[in-house]
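Q: Got a predicted structure plus its sequence, pasted below:
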Amino acid sequence: DHFESTSIFGGVKKHIISKNFKEGEITCFMGGAEINFSQADFTGKATLEVTQVFGGTNIVVPPHWEIQTDMTAVFGGVEDKRPAYKEPVTAENKVLLIRGTSIFGGIEINSH
């Protein structure tokens with residue numbers, strides 16, 4: 001339901017399979033992280049805290065998840081590279097909130 005990932009001068013690759021995911025923390029300093037949520041699930045809203053300096057994060061999510069961002073970026077940013085997807089609005093929409101700080105780094109969101 002919770003995970004932490006730290007990479008310093010290296011890389012981390014994680015597959016999250018929790019069916020009750022709530023929150024996670026990613027910290028990258030001159031390193032990178034690849035977090036795969038394609039087999040994960042949650043109800044309502046989940047939070048991902050990201051702090052990266054001279055690093056990058058690739059996040060893979062199912063195509064029907066809604067992504068909201070609250071990032072402070074200095075020479076960096078967040079890019080959602082998923083194809084456009086429209087699903088009927090239901091009471092069980094999944095919202096992943098990505099918040100944190102990115103300095104000289106970026107976050108890329110994909111789906112497979």
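A: That came through fine.
Q: Now do the contacts for the spatially most central residue of the chain.
A: Nearest to the mean C-alpha position of the chain, by Cα atoms, centre = their mean, lies residue 59 at 4.5 Å. For residue 59, the set of contacting residues under the criterion of Cβ atoms under 8 Å, 6 or more residues apart in numbering consists of 34, 35, 37, 48, 98, 107, 108, 109, 110. All C-beta atoms are positioned from the backbone trio N, CA, C, and that covers glycine.
Q: how close does the first one sit to residue 55?
A: The one in question is residue 34. Distance, residue 34 to residue 55, by Cβ to Cβ, to the nearest Å: 12 Å.
Q: And for residue 102?
A: From residue 102 across to residue 55, the span is 8 Å (Cβ to Cβ).
Q: between the two, which one's more packed in?
A: Between residue 102 and residue 55, residue 55 has the larger neighbour count (other Cβ atoms under 10 Å), namely 27 against 24.
Q: Now the more buried one. Nearest residue, chain neighbours left out?
A: Nearest in space to residue 55, with sequence neighbours left out and distances taken as Cβ to Cβ, 6 or more residues apart in numbering, is residue 28 at 3.1 Å.
Q: and the one you found, what element?
A: Assigning secondary structure by DSSP states H and E places residue 28 in strand 23-29.
Q: So residue 97, which state does it fall into?
A: Three-state assignment for residue 97 (DSSP: H, G, I helix; E, B strand; the rest coil): strand.
Q: Quick check: it touching residue 45?
A: Yes. In this structure, residue 97 is within contact of residue 45 by Cβ atoms under 8 Å, at 6.1 Å.
Q: what's the neighbour count on residue 78?
A: Using other Cβ under 10 Å: residue 78 sits among 19 other residues.
Q: Right, I'll leave it there.
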